[in-house]
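> sequence unknown, structure follows:
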Ligand code: T3D
């Protein structure tokens, strides 16, 4: 069934967001962009939601921009891709990074173009062993966007970032995990079980602390050590004022499992 471009399911303590244009390998059109962003806003607004699981319907995760929206007739005025990057892709990446909770991305199949980079923008990336990551842009004369030129060298190193960008060859999930692009690859039939298990664990975690840790890790990529140490001080001050921290210390001393509540 291919109705809503994004499906949202509420689970105990987390939300599952599924990209839902399977006949086009969940490639992005404007409607899917807007629906995904609205789903993330709703997740943030729900105090009981402590993590997000992002995945794709059908055999692919996401094939990047829907190229059927980009076909140009002979001599036609080219589309302004800077505008779509500025209004759609970049805000989405910023929203994923700023969401104050972990995003678990279950890459269920091919992740190509912006689809690969949207996955890399998430916090914990699991990929089915049969999935591939493909920086497809060079095949059509574009550059990696959706944060690709930012994330690739930082996660995989310069040599691999340049190889993936210039050669545009598929990188299998196992290789992506070995390179440090993603958290891990898992057997195809174990993917969703593992992703749900992580979100279920977050539903019982001190997720305010995780949100602050996410903020610190995001900033670390651009900060000097001095700046980062100052930020750690400020964010730890905030973490130290949460009820979850007090509960964590009490539970440790009382040798029992902590009952973390997440956002008040
Ligand atoms: O434009 C802007 O605003 C700038 C932003 C750009 C961001 C970008 O992401 S640019 C990069 C766009 N993406 C690509 O270039 C990838 C294109 N797709 C592929 O190279 C291949 O489909 C895959 C390697 C991803 C998968 O190959 P395969 O053999 O497993 O599947 P397939 O047969 O190629 O695709 C299945 C169907 O999905 C097929 O439709 P059909 O023939 O069954 O009716 C195919 O046309 C469709 N599809 C796959 N990717 C896209 C797509 N349709 C539209 N746009 C796509 N990106």
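Noted; the coordinates are in hand. Source: prediction; values computed, not measured.
> Near the ligand, which residues of the stretch 51-200 of the chain are found?
For the stretch 51-200 of the chain, the contact set with the ligand under Cβ under 6 Å from any ligand atom comprises 63-68, 70, 81, 84-85, 89, 110, 112-114, 134, 136-137, 139-140, 142, 145. (Glycine included, C-beta is placed from N, CA and C.)
> shaky segments in the protein?
For the chain, applying pLDDT under 70 flags the ranges 1-2.
> show me where it has strands.
6-11, 14-19, 52-56, 60-62, 103-107, 110-112, 124-128, 132-134, 171-172, 184-186 (DSSP state E).
> want to throw those strands into a markdown table with mean neighbour count?
Converted to a markdown table, those look like this (neighbours: other Cβ atoms under 10 Å):
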| stretch | mean neighbour count |
| --- | --- |
| strand 6-11 | 16 |
| strand 14-19 | 23 |
| strand 52-56 | 26 |
| strand 60-62 | 28 |
| strand 103-107 | 27 |
| strand 110-112 | 28 |
| strand 124-128 | 25 |
| strand 132-134 | 23 |
| strand 171-172 | 19 |
| strand 184-186 | 19 |
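> returning to what we had before: so which of the residues of the stretch 51-200 of the chain next to the ligand are in helices?
81, 84, 114 (DSSP state H).
> For residue 169, see how far away the second one is.
Spelled out, that is residue 84. Residue 84 sits 26 Å away from residue 169, going by Cβ to Cβ, to the nearest Å.
> can you tell me which residues contact the most far-flung residue of the chain relative to its centre?
Of all residues in the chain, residue 75 has its C-alpha farthest from the mean position, at 37.7 Å, by Cα atoms, centre = their mean. Shown in contact with residue 75 (Cβ atoms under 8 Å, 6 or more residues apart in numbering): no residues.
> again, but for the one 5 residues further on
Residue 80 is in contact with no residue at all, counting by Cβ under 8 Å, 6+ apart.
> How about residue 4?
Taking Cβ under 8 Å, 6+ apart, we find residue 4 in contact with 20, 35.
> Please name the nearest non-neighbouring residue to residue 210.
The shortest distance from residue 210 to any non-neighbouring residue, by Cβ to Cβ, 6 or more residues apart in numbering, is to residue 102 (5.6 Å).
> Just give me the neighbour total for the one you found.
23 (other Cβ atoms under 10 Å).
> now do residue 39
When neighbours are counted by other Cβ under 10 Å, residue 39 registers 20.
> Over to the one 5 residues further on?
By other Cβ under 10 Å, 16 other residues sit near residue 44.
> what does the one 3 residues further on give?
Here the neighbour count serves as a burial measure; for residue 47 (other Cβ under 10 Å) it reads 10.
> hang on, the earlier thing: may I ask which of the ones in helices among the residues of the stretch 51-200 of the chain next to the ligand has the most neighbours?
residue 114 (31 neighbours).
> For it, give me its contacts.
Taking Cβ under 8 Å, 6+ apart, we find residue 114 in contact with 28, 62, 64-65, 89, 145-146, 148.
> quick one: which of those is most hemmed in?
That'd be residue 62 among the contacts of residue 114, by other Cβ under 10 Å, with 31 neighbours.
> Excluding chain neighbours, what is closest to the spatially most central residue of the chain?
By Cα atoms, centre = their mean, the chain has its centre lying nearest to residue 122, at 2.1 Å. Spatially, and ignoring its direct neighbours in sequence, residue 122 is nearest to residue 105 (3.7 Å; Cβ to Cβ, 6+ apart).
> And residue 228, by the same measure?
Nearest residue to residue 228, sequence neighbours excluded (Cβ to Cβ, 6+ apart): residue 220, at 5.3 Å.
> circling back: OK, contacts around the residue nearest to residue 210?
By Cβ under 8 Å, 6+ apart, the residues touching residue 102 are 51-52, 123-124, 202, 207, 210, 214.
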